[in-house]
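# Generate a structure from the sequence data that follows.
(one chain, ligands or ions: 1)
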Amino acid sequence: RMHGFAYRHGSLHCEDVNLQTLADEHGTPLYVYSANTIRDHYRRLDQALGSIDHEVAYAVKANSNLSVLKLLVAEHAGFDIVSGGELFRVIKAGGDPAKCTFAGVGKTRAEIEYALQQGIYSFNVESEEELRYLNEVAADLGVIAPAAVRVNPNVDAKTHKYISTGKSENKFGVDFDAIPDLYARAAKELAHVKLRGLQMHIGSQLTSIDPFIEAVEKVAPLATHLKVTHGIEFWSIGGGIGIVYHDSLDSGGSGWWEGKPEGERPLTIAQYGEALFPRLEHLGLKILLEPGRLIVGNAGVLLTKCLFEKRGKAKTFKVVDAGMNDLIRPALYEGHHEIAPLKQPTGETRKVDVVGPICESGDFFCQDRELPDFQPGETVALLSAGAYGFVMASNYNTRPLPAEILVDGDTARVVRKRQTLDDLIAGES
Ligand code: LLP
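Predicted structure coming up:
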């Protein structure tokens, strides 16, 4: 199954829970996640690498709700973090710091000290300067910092430019050609760093297997070289596996894309495993994966209520109560999210813009899209909003952050309360 959202008896459900009931009880905008979808995606990816020594290190940035992390702790996942705050969350959720990798180009002294004290698995560093700084902080604490360097393989991920990371012009990683010398210098000069791995990540929302193959084939000899010369034990091949955003409700089951032309089919977990397994199997390295979106993206929706229908001169606008502050992907990356009325549509469609209440023209969820008709007072679901949804939400326009609900079978739990007006000014004077 691709996700746990489907129409039943005429209304959209998350697993066994009617979404309209949740909207009525908890109000909108409201994020709702499906626990079994998260588990299912994690397990299928974990199985895709089969017998290879590997670990799925969930990219916490995609959705860092404590209850989501807790679910993945129970699955024995590792975690890829990008801040001291994310490490704090993983620990609060019962996760093991020894299963954490710490990514990012700009770690602070406080973050490095915290992560050293907690005993994380590896600092994935992105420059020689950062590696030297890590060495300095570790020396001050009298410890040895486990580390890996992120290699920039200069491969085109063919995704949106804001989420493409593996080209030389991106700020990420160290040039492919400079890696062997860097490891040699570090081994000689940096007594408080132990290089235990190599890392890469070429971008996010990749919908073709080709860039993954290209990057793995290019970097595998380097990983082998570093294993021989420096005894590294792991290679993280990053995250980035794309998900289905278009027609994602089509059948609610697997295989709905069979009838589609080649180019429109999503990258499947099975394809990913089949393509990469033979290229990784013989390396004798522990392989780390850092998926974020794949695990949680299609496991979440954002429910929003239609406030007004505004018939403009050129367009019809459906004004809803969620805005770009709640889900910024359409505004920031031209991200596409399917919009599904909770009441199963009967077939009638209209061309509309769905817009939020924020004072910006970029505050829209779709433009000129044929949608099943829905009226003021009705609630719709923005689909595939589980990744980079709530975590990128802000209080812009002094709007309270929405609540989050986790559904597991027939139970629904509030896993984050909606912010109150008092929450909005807490800490101010
Ligand atoms: N590893 C590293 C080093 C990363 O920078 C990222 C994501 C991941 C793993 C996880 O990538 P994923 O499997 O989720 O594609 N906010 C954007 C996506 C930003 C991705 C940032 N890095 C969006 O909403 O499309």
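
# count of residues packed around Glu274?
12 (other C-beta atoms under 10 Å). C-betas here are computed from N, CA, C, even on glycine.

# quick one: secondary structure of Tyr388?
Classification of Tyr388 by DSSP: H, G, I helix; E, B strand; the rest coil places it in coil.

# residues near it, how many?
So Tyr388, with other C-beta under 10 Å, has 24 neighbours.

# and what of Leu327?
When neighbours are defined as other C-beta under 10 Å, Leu327 has 26 of them.

# need the contact list for it.
By C-beta atoms under 8 Å, 6 or more residues apart in numbering, the contact set of Leu327 is 302, 337, 365, 382, 385, 389, 392-393.

# 7 Å instead?
Applying C-beta atoms under 7 Å, 6 or more residues apart in numbering, we find Leu327 in contact with 302, 382, 385, 389.

# before we move on, which element is Lys194 in?
strand 193-199 (DSSP states H and E).

# and if you look at Lys318?
Lys318 belongs to strand 316-320, assigned by DSSP H and E.

# after that strand comes which helix or strand?
By DSSP H and E, the next helix or strand past strand 316-320 is helix 329-333.

# average pLDDT across that next one?
Here helix 329-333 scores 96 as its mean pLDDT.

# Could you pull out the buried residues of it?
329-331, 333 (16 or more other C-beta atoms under 10 Å).

# So which of the contacts of Leu327 are in strands?
302, 382 (DSSP state E).

# Nearest to the ligand among the contacts of Leu327?
Nearest to the ligand, judged by C-beta to the nearest ligand atom, of the contacts of Leu327 is Gly389 at 8.1 Å.

# Lys194: neighbour count?
Lys194 has 18 nearby residues by other C-beta under 10 Å.

# same check, this time on Asp24
Asp24 has 11 neighbouring residues, counting by other C-beta under 10 Å.

# That one: what secondary structure?
Going by three-state DSSP: Asp24 is helix.

# mind checking pLDDT for it?
You'll see Asp24 listed with a pLDDT of 98.

# residues touching Arg196, list them.
122, 146-148, 232-234.

# Spit out the contact partners of whatever residue of the stretch 301-429 of the chain ends up closest to the ligand.
Proximity of the stretch 301-429 of the chain to the ligand (C-beta to the nearest ligand atom) peaks at Tyr388, 3.1 Å away. The contact partners of Tyr388, by C-beta under 7 Å, 6+ apart, come to 62, 293, 329.

# next one: Ala93
66, 69-70, 73.

# Can you lay out the contacts of Leu327 as a markdown table showing distance to Phe5, pLDDT and neighbour count?
Converted to a markdown table, those look like this (distance: C-beta to C-beta, whole Å; pLDDT from 0 to 100; neighbours: other C-beta atoms under 10 Å):
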| residue | distance to Phe5 | pLDDT | neighbour count |
| --- | --- | --- | --- |
| Leu302 | 12 | 98 | 27 |
| Leu382 | 11 | 97 | 26 |
| Ala385 | 11 | 98 | 30 |
| Gly389 | 14 | 98 | 27 |
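
# Pick the one among the contacts of Leu327 closest to Ile163.
Nearest to Ile163 among these is Gly389, at 14.7 Å by C-beta to C-beta.

# so that closest one sits right up against Tyr31, yeah?
Yes: contact criterion C-beta atoms under 7 Å: Gly389 and Tyr31 qualify, at 6.3 Å.

# okay, and the common contacts of the two?
Common neighbours of Gly389 and Tyr31 (criterion: C-beta under 7 Å, 6+ apart): 300, 302.

# so does the lengthiest helix in the chain get close to the ligand?
The single longest helix within the chain, with elements called by DSSP state H, is helix 210-230. No: Helix 210-230 is not in contact with the ligand by C-beta under 6 Å from any ligand atom; minimum separation 11.5 Å.

# so how far is that helix off the chain centroid?
The chain centre lies 24 Å from the centre of helix 210-230; the measure is C-alpha atoms, centre = their mean, to the nearest Å.

# Can you list the helices and strands that that helix packs against?
helix 179-189, strand 193-199, helix 269-280 (3 or more C-beta pairs under 7 Å, 6 or more residues apart in numbering; DSSP states H and E).

# Can you name the next helix or strand after the last one?
To tie it back to what came earlier, the one meant is helix 269-280. By DSSP H and E, the next helix or strand past helix 269-280 is strand 286-289.

# still on that earlier bit, which one of the contacts of Tyr388 is nearest Asp373?
Arg329 (24.4 Å).

# check contacts around that closest one.
335, 337, 388.

# on that earlier part again, and the two most separated of the contacts of Arg196?
So for the contacts of Arg196, where distance means C-beta to C-beta, the most widely separated pair is Ala147 and Glu233, at 12.1 Å.

# Good, wrapping up.
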